[in-house]
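[1] Fold the stuff below for me.
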Amino acid sequence: QVQLVESGGGMVQAGGSLRLSCAASGRTFSSYAMGWFRQAPGKEREFVAAISWSGGSTYHADSVKGRFTISRDNAENTVYLQMNSLKPEDTAVYYCAATTFRLGLTTTPTRYNYWGQGTQVTVSS
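    Just a heads-up that it's a prediction; the model follows:
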């Protein structure tokens with residue numbers, strides 16, 4: 001089992017940057033692929049980015065491609081989401097999640113086994 005704690009959210013103006021961190025407990029962090037999702041008020045949870053257990057493969061949603069970058073440090077049991085050129089439509093609660101799914105990187109929330117509590121990101125225009 002793994003416990004996830006996100007941090008790094010906050011309020012920023014459009015065009016600004018934030019870096020989210022997700023710290024994982026447990027000794028098996030490197031065996032999980034990781035993902036970031038977000039949920040805005042009144043909307044469904046949306047896939048943002050995913051990274052393989054090794055960090056060698058990543059996948060980003062079209063809506064954030066070229067602006068956001070997912071990465072991980074297995075020695076620190078942490079996954080990151082660097083967010084640049086933020087837009088008001090990026091405003092949401094951001095969640096990290098861990099999955100044991102092995103058939104490639106998955107964008108499906110139900111395939112993720114563990115979730116953090118979320119961190120709020122607010123982008124003002």
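
[2] quick one: buried residues of stretch 82-102?
    83, 86, 90-99, 101 (16 or more other C-beta atoms under 10 Å). No exception for glycine: its C-beta is placed from N, CA and C like everyone else's.

[3] just stretch 42-52 next, same as before
    Of all the residues in stretch 42-52, those buried under the rule 16+ other C-beta under 10 Å are Glu46, Phe47, Val48, Ala49, Ala50, Ile51.

[4] Gly15: which of the residues you listed is nearest?
    When the buried residues of stretch 42-52 are compared for distance to Gly15 (C-beta to C-beta), Val48 wins out at 18.8 Å.

[5] so that closest one sits right up against Phe68, yeah?
    Yes: Val48 sits in contact with Phe68 when judged by C-beta atoms under 8 Å, with a separation of 6.6 Å.

[6] in the sheet, who's paired with the residue positioned nearest the centre of the chain?
    The residue at the geometric middle of the chain, judged as the C-alpha nearest the mean C-alpha position with C-alpha atoms, centre = their mean, is Trp36 (2.2 Å). Judged by DSSP bridges, the bridge partners of Trp36 are Ala49, Cys96.

[7] How much space separates it from Ser85?
    When distance is defined by C-beta to C-beta, to the nearest Å, Trp36 is 16 Å away from Ser85.

[8] which residues do Val48 and Phe68 both contact?
    When contacts are counted by C-beta atoms under 8 Å, 6 or more residues apart in numbering, Val48 and Phe68 have His60, Leu81 as shared neighbours.
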